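> Okay, sequence plus prediction incoming.
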Amino acid sequence: MGYAPDNHNILSDGGSPWDSTFEPDFDVADNAFPAVLRWLEAIRSEHPPSERVRGVDISDDRRAQFAECLASLIVRSPRLRYLSEKWTAEYQVNDFGFPEPLNLHETAGANLRRCQVPFARDIRTRGKPAFLIASEGSFLFGDGFMTNFHPTPDRVLHAMAMTAFTPAVAVLWFSPRSYPTFPKGVSLRLTGGEVSRFNEIVQIYSRDSLFHAGEPPELHEAFKADQHFIVHMNGANHRNPFVDAWMEEALAVSETRPRKSVAVPLTGRSV
């Protein structure tokens, strides 16, 4: 993953007693990532090659770990930092009448430091995760990805986030108006063409950096434009026909009883 200096530090010019950091807010997620990645790999290996979609049960403890990890990727995404600084600048100039934005980096960071706990709580307590499995090719990870979370702790009505966790497994978490209780999650095997569409979406939301396995991807025109885009389709933000179809497939899976969980230790080394 890329590194951006001082994005989680709130520092004033020359230093002050108010200087602080919120990097420790991500300690729970960072400690959970190894176990969550092993669990996602187990979900991938358990998904039969001949099946398109299947249910995945998720224990409460595993859900909590996964929520912390996904929330941390959202909060630490350079795209969310970009939105926080952009909206902070617009608020200062348009609402307060400042001739130019002041302390932009620090104020934007103060907004972001409030987000990890509510984001993780929302992902833990609601919504449906779909674990996307690449049958051909591999997923891209970028310095931006498709999500409608804002740099504020306020709850988003129909929140969603889609990002790769590994080159072979990506996650589409979304909170529709209604959804079946079981299964608690689904795994969905994507074709090579669908993986390519996923990667195009990543490039639309990314601006500076793409991370890939194997051969470098063909760069999308949106990525070459050097912007963190927000996609508009039919008047709505964050809509894409491929993503809408994956959501519909995930919601079509309904079970009357929980499926047996994939057995992977919550902590400790894999064997």
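That came in fine, so what should we check first? Numbering: from 1, shown residues only.
> I'd assumed Phe131 was in a strand, is it?
Yes - according to DSSP: H, G, I helix; E, B strand; the rest coil, Phe131 belongs to a strand.
> Might you report the residue contacts of it?
40, 43-44, 56, 169-171, 185-188 (CB atoms under 8 Å, 6 or more residues apart in numbering). The way it works is simple: take the backbone N, C-alpha and C, and place the C-beta from them, glycine included.
> go again using 6 Å as the cut-off
Phe131 makes contact with 43, 187 under the criterion CB atoms under 6 Å, 6 or more residues apart in numbering.
> swap in Val202?
Val202 sits in contact with 140, 142, 145, where contact means CB under 6 Å, 6+ apart.
> For this structure, which helix extends over the most residues?
Using DSSP state H, we find that the single longest helix of the chain is helix 27-46.
> Which residues in that one does the neighbour count mark as buried?
Residues 28-29, 32-33, 35-41, 43-44 are the ones in helix 27-46 that count as buried (16 or more other CB atoms under 10 Å).
> got CSV for the contacts of Val202, with neighbour count, secondary structure and distance to Gln227 too?
Putting the contacts of Val202 into CSV (neighbours: other CB atoms under 10 Å; DSSP: H, G, I helix; E, B strand; the rest coil; distance: CB to CB, whole Å) gives the following:
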residue, neighbour count, secondary structure, distance to Gln227
Leu140, 26, coil, 17
Gly142, 26, strand, 12
Phe145, 24, coil, 14
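> any chance of the residues you listed in TSV, plus pLDDT?
Putting the contacts of Val202 into TSV (pLDDT from 0 to 100) gives the following:
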residue	pLDDT
Leu140	97
Gly142	96
Phe145	95
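> how about the buried residues of helix 27-46, which pair is most distant?
Using CB to CB, the buried residues of helix 27-46 span at most 24.1 Å, a distance reached by Val28 and Arg44.
> List of residues touching stretch 159-170?
With contacts defined as CB under 6 Å, 6+ apart, stretch 159-170 is touched by 40, 44, 73-74, 132, 134, 138-139, 141, 145-148, 171-175, 213.
> ChimeraX command for the buried members of those?
The ChimeraX command for the buried members of these (criterion: 16+ other CB under 10 Å) is given here:
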select :40,44,73,74,132,134,138,139,141,145,146,147,148,171,172,173,174,175
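> and the contacts of stretch 159-170, which of them are in helices?
40, 44, 73-74.
> Which member of the residues you listed is positioned nearest His238?
Ile74 (13.0 Å).
> surely the closest one meets Pro151?
No - using CB atoms under 6 Å, Ile74 makes no contact with Pro151, being 9.6 Å away.
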